[in-house]
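**Q** The sequence isn't on hand, but the structure is:
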C-alpha cells in the first residue's frame, strides 16, 4: 500500500467519529463539562513505569531552551481545574508515552479522562460501565477484587504471599522473568503474574472491573483498610485493559511524599531526572475536592468496536505512517 495512505479504512474512521460524538453526548447529558489543558508542560509524570517525551522551547515567555514535556495524561492540569472549582469535567485529547509501540500501543494516542467530585471509585465504576455499555453494547460488568482475581487464577493471596512464593508460582506456570526484574521485587513479580496469568482471563464473558490493588501500587489513589489497599480500579474487556481509575488522593503532604519516592526510584534506576510538579501540590494544598477520576483509552475502545486486531487498524496514521 502507498505510504501516504491512511492505515484505517474510511468505515473505521467514520466509526471513530461516531463514538467520539456519542462520548460527548453522554457527558453533556450527565452535566459534565468538556475542558482543554496543555499538552506541553514544564513537568511530567514521575511514575517510574512511564517514559515522557520532551521538546525544547526557545521563544519568549519562558527561559531560553526550556524543556517542555508532552503529557502522558492530562491528570495534573485537570486536578488544578478541580481545585479551582470547575466541578465535574472531562477531556478528549492526545497523550504521549515514549517506548510504547506494538499491537496495543502507539506512542501518540487518544485518551478520555474525567473527574467526578463527590464520587468514590465504586460509584465511578458504575458510570464507566454505563459509558462502555452505551458505546459497545456489552453486558453489565462484573467486579473482582485484586485479591479475588489472584486467588481464582493463581491460588495465591497477593497481600500475604512471600516474594519466593510468587517466583515459584511463576516458574511452575512457565512464566519467564523479564530482563532486569529483581528477584526480591515483590511488586514486579505481582505485575508479572497479573499480566501473564490474570489479565488474559479477565473480561471474557463480560467486562471485568479489577479493584482494590495492593497499597504499594496506589499511584495517585487513596489507601484504606487492613490489609491496606488502594482505591484503584481497571476495566478489562476480552483480556485488554481499557480504563484505569482512582478514588483520588487529596492530601498534598502524602502526594509530595509519593512524588519524591518516585523520583528516588527513577534515580536508582538511572531514569531521566524530572522536576517536581509544585503546581499540582499547591492545588492539592488549596483544596482538591473529594473526587474520583478515570482515564480510558479511546483507540482501544475503537479497536473493540471495530473488532480490529491492532491499533494500527483504527488509527489514520500510526507511527510507521505518520
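**A** Good, I have the coordinates. Quantities reported herein were computed from a predicted structural model and do not represent experimental measurements.
**Q** and residue 293, how many neighbours?
**A** 26 (other C-beta atoms under 10 Å). Just so you know, the C-beta spots here come from the backbone N, C-alpha and C atoms, and that holds for glycine as well.
**Q** On the three-state scheme, it is what?
**A** Under the three-state scheme (DSSP: H, G, I helix; E, B strand; the rest coil), residue 293 adopts strand.
**Q** dump the residue contacts of it.
**A** 75, 78, 79, 113, 114, 115, 116, 124, 245, 246, 248 (C-beta atoms under 8 Å, 6 or more residues apart in numbering).
**Q** what packs against the host helix or strand of the fourth one?
**A** Right, the one you point to is residue 113. In this assignment (DSSP states H and E), residue 113 forms part of strand 108-117. Counting contacts by 3 or more C-beta pairs under 8 Å, 6 or more residues apart in numbering; DSSP states H and E, strand 108-117 is packed against helix 75-83, strand 89-96, helix 121-136, strand 291-297, helix 298-305.
**Q** helix or strand right after the third one?
**A** In the C-terminal direction, the helix or strand that comes right after helix 121-136 (DSSP H and E) is strand 142-145.
**Q** hmm, back to that, right, and out of the contacts of residue 293, which lies closest to residue 267?
**A** Set against residue 267, the nearest of these by C-beta to C-beta is residue 75 (22.8 Å).
**Q** Return the distance of that closest one relative to residue 277.
**A** Residue 75 sits 10 Å away from residue 277, going by C-beta to C-beta, to the nearest Å.
**Q** per-domain residue ranges of this structure.
**A** 10-141+257-321, 144-204 (automatic domain parsing).
**Q** which residues sit in contact with the residue most central in space within the chain?
**A** Nearest residue to the geometric centre of the chain (C-alpha atoms, centre = their mean): residue 244, 4.5 Å. For residue 244, the contacting residues are 232, 233, 234, 235, 294, 295, by C-beta under 8 Å, 6+ apart.
**Q** got CSV for these, with neighbour count and pLDDT too?
**A** Output for the contacts of residue 244, formatted as CSV (neighbours: other C-beta atoms under 10 Å; pLDDT from 0 to 100):
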residue, neighbour count, pLDDT
232, 24, 96
233, 27, 97
234, 19, 97
235, 26, 98
294, 25, 98
295, 20, 98
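**Q** With respect to residue 55, which of those is nearest?
**A** Looking across the contacts of residue 244 and measuring by C-beta to C-beta, the closest to residue 55 is residue 295, at 22.5 Å.
**Q** I'd say the closest one and residue 113 touch.
**A** Yes: under the criterion of C-beta atoms under 8 Å, residue 295 makes contact with residue 113 at 4.5 Å.
**Q** where does this structure have low pLDDT?
**A** 1, 64, 179-180 (pLDDT under 70).
**Q** any idea where the helices of it begin and end?
**A** Ranges of helices in the chain, per DSSP state H, are 10-30, 75-83, 121-136, 146-153, 163-172, 186-193, 252-268, 278-287, 298-305.
**Q** Which elements pack onto the second one?
**A** Right, the one you point to is helix 75-83. Partner elements for helix 75-83 (3+ C-beta pairs under 8 Å, 6+ apart): strand 89-96, strand 108-117, helix 278-287, strand 291-297.
**Q** Residue 38: how many residues sit nearby?
**A** Neighbours of residue 38 (other C-beta under 10 Å): 13.
**Q** returning to that earlier point: would you list the domains of the chain in JSON lines and tack on distance to residue 2?
**A** Shown next, in JSON lines, are the domains of the chain (distance: least, C-beta to C-beta, whole Å):
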{"stretch": "domain 10-141+257-321", "distance to residue 2": "10"}
{"stretch": "domain 144-204", "distance to residue 2": "36"}
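**Q** re earlier: by how many degrees do the strand holding residue 113 and strand 291-297 diverge?
**A** 160 degrees (axes from the mean of the first three to the mean of the last three C-alpha atoms, to 10 degrees).
**Q** which residues touch strand 108-117?
**A** Against strand 108-117 from outside (C-beta under 8 Å, 6+ apart): 23, 27, 32, 73-75, 78-79, 82, 87-97, 123-124, 127, 248, 289-299, 301, 311, 319, 322.
**Q** buried subset of these?
**A** When these are checked for burial by 16 or more other C-beta atoms under 10 Å, the buried set is 23, 27, 32, 73-75, 78-79, 82, 88-93, 95-97, 124, 127, 248, 289, 291-299, 301, 311.
**Q** Contacts only, for residue 309.
**A** residue 103 are the contacts of residue 309 under C-beta under 8 Å, 6+ apart.
**Q** Can you tell me how far it is from residue 15?
**A** With distances taken as C-beta to C-beta, residue 309 is found 15 Å from residue 15.
**Q** contacting residues around the closest residue to residue 13 other than its chain neighbours?
**A** Sequence neighbours aside, residue 316 is the residue nearest to residue 13 in space, at 6.2 Å (criterion: C-beta to C-beta, 6 or more residues apart in numbering). Going by C-beta under 8 Å, 6+ apart, residue 316 touches 6, 7, 8, 13.
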